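Visitor: When you get a sec, could you give me coordinates for this:
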Amino acid sequence: MSFFSIFSKEKKEELNKGLEKSKESFFAKLAKTVIGKSKVDEEVLDNLEEVLVTSDVGVATTLRIIERIENRVSKDKYLGTGQLNAILREEIADLLLENNIENAGDFELPKLGRPYVIMVVGVNGVGKTTTIGKLAYQFKKKGYSVMLGAADTFRAAAVDQLEVWAKRADVPIVTHNMGADPASVAFDTVKSAIDNHCDVVLIDTAGRLHNKINLMRELTKIKTVTGKLLPDTPDEILLVLDGSTGQNAIEQAKQFTAATEVNALAITKLDGTAKGGVVIGISDQFKIPVKYIGVGEKIEQLQVFDRKEFVDSLFPENL
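Guide: Purely as a prediction, here's the structure:
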């Protein structure tokens, strides 16, 4: 699939609208940094640093971006403020490219001859179950057969919510009674997927950061039982983060990456916040690909993350 087929005009408009608040907030702040300035000097860079930090890019990532721009200023000797936006755009895009797969595909799965197993983790309230439902819808739309597993057995609401999404996406779901062993749910889900020749399995997990040791033990047990049925699974441990929480999302990422081997990220609720810069910081700080972003509440409003389209939507079209 070509790069340009991934983003239709409709998807691009959806992304632009979803990032509108972040874009407006960011450039309102950025405009103030260059008032009365003709070139990028130390004061402009200091002000830019403040803009990036207050836009939830994060301190460590901000310093990396500033250092890159300082190097360009030093190299070019004279850099006009009119060029700052374009250079900032390039540096952010390059930074994202380091941690994301270029042209990852439009909800396409590898051909393994067995179910592709995705274990979905994240705290309660970040949109984890909703993301699973949206993924199920997108995968089915692509022609894949999907199986859901409700392994968050600690909250009745979690199972009920996933059942609602399973019905919306029109895919089967495996559930157990409340309080059942989450690993047994995962086992039965993967076994059912194998028996029914499903293409992809999405397993919901408990969203509690109650205790890192208990969390690690619980997630490790789920990984172990899926591995017994299908070696080297889960193929993907997808951490869902709420973009509207800004730096709290980064703290959650620290907790979950310490508890399990997260290898993909989904960042939700970007349409309702001006904190879109957190995508840049999370990608840079954890060196884990941002795979999906949520830009609306509707079932189809989950997009495969593309760093170029993301950056283009954050910056004015005339740059």
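Visitor: Next SSE downstream of the least confident helix or strand in the chain by mean pLDDT?
Guide: For the chain, using mean pLDDT, DSSP states H and E, the weakest element among its helices and strands is helix 3-6, scoring a mean of 43. Following helix 3-6 in sequence order, the next helix or strand is helix 9-18 (DSSP states H and E).
Visitor: C-alpha coordinates for that following helix, PDB please?
Guide: The C-alpha trace of helix 9-18 is given here as PDB (Å, rounded to 0.1, in the frame of the first residue of the first chain):
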ATOM      1  CA  LYS A   9      -8.900  13.700   2.100                       C
ATOM      2  CA  GLU A  10     -11.500  12.800   4.600                       C
ATOM      3  CA  LYS A  11      -8.900  11.300   7.000                       C
ATOM      4  CA  LYS A  12      -6.700  14.400   6.600                       C
ATOM      5  CA  GLU A  13      -9.600  16.700   7.500                       C
ATOM      6  CA  GLU A  14     -10.400  14.500  10.500                       C
ATOM      7  CA  LEU A  15      -6.800  14.800  11.700                       C
ATOM      8  CA  ASN A  16      -6.700  18.500  11.100                       C
ATOM      9  CA  LYS A  17      -9.900  19.000  13.100                       C
ATOM     10  CA  GLY A  18      -8.700  16.600  15.900                       C
END
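Visitor: Show me what that helix packs onto, helices and strands only.
Guide: For helix 9-18, the packing partners by 3 or more CB pairs under 8 Å, 6 or more residues apart in numbering; DSSP states H and E come out as strand 302-304, helix 307-314. C-beta here means a position set from N, CA and C on the backbone, and glycine is covered the same way.
Visitor: residues of the next helix or strand after that helix that come out buried?
Guide: Downstream of helix 9-18, the next assigned helix or strand under DSSP H and E is helix 20-33. Using 16 or more other CB atoms under 10 Å as the test for burial, helix 20-33 gives 20, 21, 22, 23, 25, 26, 27, 29, 30, 33.
Visitor: export the helices and strands packed on helix 9-18 to TSV and tack on distance to residue 37, mean neighbour count and mean pLDDT?
Guide: What follows is those, written out as TSV (distance: least, CB to CB, whole Å; neighbours: other CB atoms under 10 Å; pLDDT from 0 to 100):
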stretch	distance to residue 37	mean neighbour count	mean pLDDT
strand 302-304	36	22	92
helix 307-314	22	21	84
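Visitor: Please produce a markdown table containing these, extended by distance to residue 278.
Guide: Below are these laid out as a markdown table (distance: least, CB to CB, whole Å):
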| stretch | distance to residue 278 |
| --- | --- |
| strand 302-304 | 16 |
| helix 307-314 | 12 |
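Visitor: for those, which one sits closest to residue 213?
Guide: strand 302-304 (32.3 Å; CB to CB).
Visitor: in this protein, what spans have low per-residue confidence?
Guide: 1-7, 35-36, 76-81, 99-105, 209-212, 316-319 (pLDDT under 70).
Visitor: OK, contacts around the residue nearest to the spatial centre of it?
Guide: What sits nearest the mean C-alpha location of the chain, by CA atoms, centre = their mean, is residue 266, with 2.3 Å. Counting by CB atoms under 8 Å, 6 or more residues apart in numbering, residue 266 makes contact with 131, 238, 239, 240, 241, 290, 291, 292, 293, 294, 302.
Visitor: now residue 301: how far from residue 245?
Guide: From residue 301 across to residue 245, the span is 19 Å (CB to CB, to the nearest Å).
Visitor: do the same with residue 172
Guide: Residue 172 is 32 Å from residue 245, by CB to CB.
Visitor: And the helices in the stretch 201-319 of the chain?
Guide: Using DSSP state H, counting those that start in this stretch, the helices of the stretch 201-319 of the chain run over 212-229, 247-259, 278-286, 307-314.
Visitor: Identify, out of those helices, the most deeply packed stretch.
Guide: Ranked by mean neighbour count under mean count of other CB atoms under 10 Å, these are led by helix 278-286, which reaches a mean of 24.
Visitor: Would you mind getting the angle between that one and helix 247-259?
Guide: 30 degrees (axes from the mean of the first three to the mean of the last three CA atoms, to 10 degrees).
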